[in-house]
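Novice: Okay, predicted coordinates and the sequence, questions at the end:
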Amino acid sequence: MPTPLHECPTCGGLRPAQQVCPHCDAPVARWPRLARNLAALVGAGAASLTLMACYGAPPGYYHPDPNDGCADADHDQVCAPTDCNDNDRMIYPGAADEDGDGIDQNCDGVDGWADPGTVAAPATPAPDAATATPTPPPAP
Amino acid sequence: MTRRRLDVVAEAPHPAYVVWELTLRCDHACTHCGSRAGVARPDELDTAAALAVVDQLAAMRTREVVLIGGEAYLHDGFLAIARALDAHGITVAITTGGRGITAALARDMAAAGVRRASVSIDGLEAAHDRMRHLRGSWQAARAALDHLRAAGIEIASNINLNRSNHADLEALYPILRAHGITGWQIQLTAPLGRAADRTLMPLQPWDLLEVVPRVARLKAAARADRITIMPGNNLGYFGPEEVALRSLGPADRDHWRGCQAGRFVLGIESDGAVKGCPSLQTAHYVGGHLRDRPLRELWDTPEVAFTRARTVDDLWGFCRTCAFAEHCLGGCSFTAHAVLGRPGNNPYCHHRARTLARQGLRERLVPERAASGRPFDSGTFAIVVEPLDAIDPDRVDDDARLLQITRRPEA
């Protein structure tokens, strides 16, 4: 299996580990959004994808299955508690998070994007990390 | 996790997602059609033979089958085959131009177990009808969406993006939304089949610099409408928008993981020919025919299973040296083959176009060898590297000219 790609803490694009970001030239990050990357890796499977084919039909809107223990009251396709506000469908991990509006839209624990330098490596992922809230960073 | 999303490392290869051409007979003759559909193949599987294939798919753990043509509904056994798939617990979908879908047929389809339908709508009315040389096609496709939805079938749409229609993308979205689609597949018109004869039609690689971010913006906006936009396999690759483009839900961190043809995807042609993906070139990637051998044997033939052992060493050109090579493995196989005559080096790549653009360069595809004139054929192109701001000799203002034959097929 190839070495997992990391999200660039500067531009959000994927980049190979230990390489300068090919999108924005950001230098190698010591902890490149480690919490998010680990949570995604454990929660979504190591190498998951949606099967597609030209001439095929696209998947429809993804309805999380309540039989899998998923609560998704705002129908934003993210289950609580990974969704830090399950009553607002514009708030979920990965959402655009405008800095300065006082709202943590992307569920990283702060308003705006968390400073990658302050993101702590989480302890051993919980067994139920598939639905766990990513470890919030300490306050800057 | 939906049935279409799986872990490609944890799962052993099996035909989880199958696209099955029931007949090449079609009520359209699209200028971009990779299979050159219109007339039935000479030796198509009849209903009894097709039902036997259904049993084999079920035995190999197939999750979803998309019935296509030509037009799948022009096969005599269309509803019986859908019913049999549904009885096995396989999700049944169709991809269609929609011209012949009446309210009655839509109800029959729903009763037979068809769960989802993707109607091809390639732009606003003028562009769509022009690509089919058929006035009224766009209106018929929209009517089909309404009939299908009224029958209780989940509706989706798909678009082939090329130079004649990509400007319509944003204007088309609210029209599709108003019909009630839940999914939209956006893919590139590759120079395959009839599109291989029309070399001004496909995008040039540097067009991706503009197109990919537009698709990503549409996808982000569509989430609020509960519509999933997914790129086709030949659109994207490791630009800054890769995760957003490729993920199904916002919590997913998916990205392109190499061509899945013959790993988890299977294509069946209407005469029983088996390929790893429905779009692959028939002359190079058919492992055999279901009349002669069982699917379980055909699945492991080298022609079908060619991606399972693919490594970076199989890549060449830019893709061989790319930072994402071990993840990407050259992008879409049939698209790369349709351009350069073999897979492993794919100029239709957003990361590649961005990398060249940062150097002030771009790649322009120049037609070389013509296609054969048979279904799922392709010719070749040469790559010319030139300044990003060079005059584009293929740029024409007349959209109709973009669809004219510029490279006659050999047959």
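Specialist: Nice, I can see it. Numbers count the residues shown, from 1 in each chain, chains lettered A, B, ... in the order given.
Novice: any low-confidence regions in chain A?
Specialist: A:29-46, A:62-69, A:75, A:77, A:94-96, A:113-140 (pLDDT under 70).
Novice: Helices along chain A, start to end?
Specialist: Here chain A has its helices, by DSSP state H, at A:34-44.
Novice: what does the stretch 251-400 of chain B put close to chain A?
Specialist: Proximity of the stretch 251-400 of chain B to chain A, by C-beta under 8 Å from any C-beta of the partner chain, involves residues B:251-257, B:260, B:264-265, B:267, B:277-279, B:323-324, B:326-327, B:334, B:351, B:354-355. No exception for glycine: its C-beta is placed from N, CA and C like everyone else's.
Novice: Lowest mean pLDDT among the helices and strands, pick that one out for chain B.
Specialist: Here the helix or strand of chain B ranked lowest by mean pLDDT, DSSP states H and E is strand B:5-7, holding a mean of 85.
Novice: by contact count, what packs against the helix or strand following that one?
Specialist: Sequence-wise, the next helix or strand downstream of strand B:5-7 (DSSP states H and E) is strand B:17-21. For strand B:17-21, the elements it packs on are strand B:64-68, strand B:265-268, judged by 3 or more C-beta pairs under 8 Å, 6 or more residues apart in numbering or on different chains; DSSP states H and E.
Novice: circling back: partners of the least confident helix or strand of chain B, with directions?
Specialist: strand A:48-50 (antiparallel) (DSSP bridges).
Novice: and B:Glu242, which of the helices and strands packed on strand B:17-21 is closest to it?
Specialist: Closest to B:Glu242 of those, according to C-beta to C-beta: strand B:265-268, at 19.8 Å.
Novice: What are the boundaries of the strands in the stretch 251-400 of chain B?
Specialist: For the stretch 251-400 of chain B, applying DSSP state E, counting those that start in this stretch gives strands covering B:265-268, B:273-275, B:288-289, B:361-367, B:381-387.
Novice: roughly how far is the shortest one from the heart of the chain?
Specialist: Read that as strand B:288-289. With C-alpha atoms, centre = their mean, to the nearest Å as the basis, strand B:288-289 stands 22 Å off its chain's centre.
Novice: Redo the strands of the stretch 251-400 of chain B as CSV? Include mean pLDDT and mean neighbour count.
Specialist: Formatted as CSV, the strands of the stretch 251-400 of chain B follow (pLDDT from 0 to 100; neighbours: other C-beta atoms under 10 Å in any protein chain shown):
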stretch, mean pLDDT, mean neighbour count
strand B:265-268, 98, 28
strand B:273-275, 98, 24
strand B:288-289, 98, 16
strand B:361-367, 98, 18
strand B:381-387, 98, 14
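Novice: residues in contact with the closest residue in space to B:Arg163 that isn't next to it in sequence?
Specialist: Among residues not flanking B:Arg163 along the chain, B:Leu402 sits closest, at 5.3 Å (C-beta to C-beta, 6 or more residues apart in numbering or on different chains). Going by C-beta atoms under 8 Å, 6 or more residues apart in numbering or on different chains, B:Leu402 touches B:Asn162, B:Arg163, B:Ser164, B:Arg198, B:Leu200, B:Met201, B:Val396.
Novice: got a list of contacts for stretch B:99-114?
Specialist: Outside stretch B:99-114, the residues that reach it (C-beta under 8 Å, 6+ apart) are B:27-28, B:67, B:71, B:73-74, B:79-80, B:82-83, B:85-87, B:92-94, B:117, B:137, B:140-141, B:143-144, B:147-148, B:150-153.
Novice: and the residue nearest to B:Arg163, how far is that from B:Glu170?
Specialist: Going from B:Leu402 to B:Glu170 by C-beta to C-beta, to the nearest Å gives 19 Å.
Novice: cool, and B:Ala305?
Specialist: 40 Å.
Novice: Settle it for me: which of the two has more neighbours?
Specialist: Taking neighbours as other C-beta atoms under 10 Å in any protein chain shown, B:Ala305 and B:Glu170 compare with B:Ala305 leading, 17 against 11.
Novice: Now the more buried one. Nearest residue, chain neighbours left out?
Specialist: Here the residue nearest B:Ala305, using C-beta to C-beta, 6+ apart, is B:Gly262, at 4.7 Å.
Novice: was I right about the one you found contacting B:Cys277?
Specialist: Yes. At 7.4 Å, B:Gly262 and B:Cys277 qualify as touching, with contact defined as C-beta atoms under 8 Å.
Novice: Neighbours of B:Ala251, how many?
Specialist: Using other C-beta under 10 Å: B:Ala251 sits among 25 other residues.
Novice: For the residue nearest to it when sequence neighbours are not counted, list the residues it contacts.
Specialist: With sequence-adjacent residues excluded and distances taken as C-beta to C-beta, 6+ apart, B:Ala251 is closest to A:Val78, at 4.6 Å. A:Val78 makes contact with A:Pro64, A:Asp72, A:Tyr92, A:Pro93, B:Gly249, B:Pro250, B:Ala251, according to C-beta under 8 Å, 6+ apart.
Novice: Kindly reformat those as JSON lines containing distance to B:Ala178.
Specialist: What follows is these, written out as JSON lines (distance: C-beta to C-beta, whole Å):
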{"residue": "A:Pro64", "distance to B:Ala178": "26"}
{"residue": "A:Asp72", "distance to B:Ala178": "25"}
{"residue": "A:Tyr92", "distance to B:Ala178": "26"}
{"residue": "A:Pro93", "distance to B:Ala178": "30"}
{"residue": "B:Gly249", "distance to B:Ala178": "24"}
{"residue": "B:Pro250", "distance to B:Ala178": "24"}
{"residue": "B:Ala251", "distance to B:Ala178": "28"}
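Novice: Can you tell me which of the residues you listed are buried?
Specialist: Among the contacts of A:Val78, those scoring as buried are A:Pro64, A:Asp72, A:Tyr92, A:Pro93, B:Gly249, B:Pro250, B:Ala251 (criterion: 16 or more other C-beta atoms under 10 Å in any protein chain shown).
Novice: Quick check: the gap between the residue nearest to B:Gly77 when sequence neighbours are not counted and chain A.
Specialist: Counting by C-beta to C-beta, 6+ apart, B:Gly77 lies nearest to B:Thr47, which is 2.9 Å off, once chain neighbours are set aside. According to C-beta to the nearest C-beta, to the nearest Å, B:Thr47 and chain A sit 21 Å apart.
Novice: Kindly report the same for B:Ala58.
Specialist: Plainly put, B:Ala58 is 17 Å away from chain A if you go by C-beta to the nearest C-beta.
Novice: All set now, cheers.
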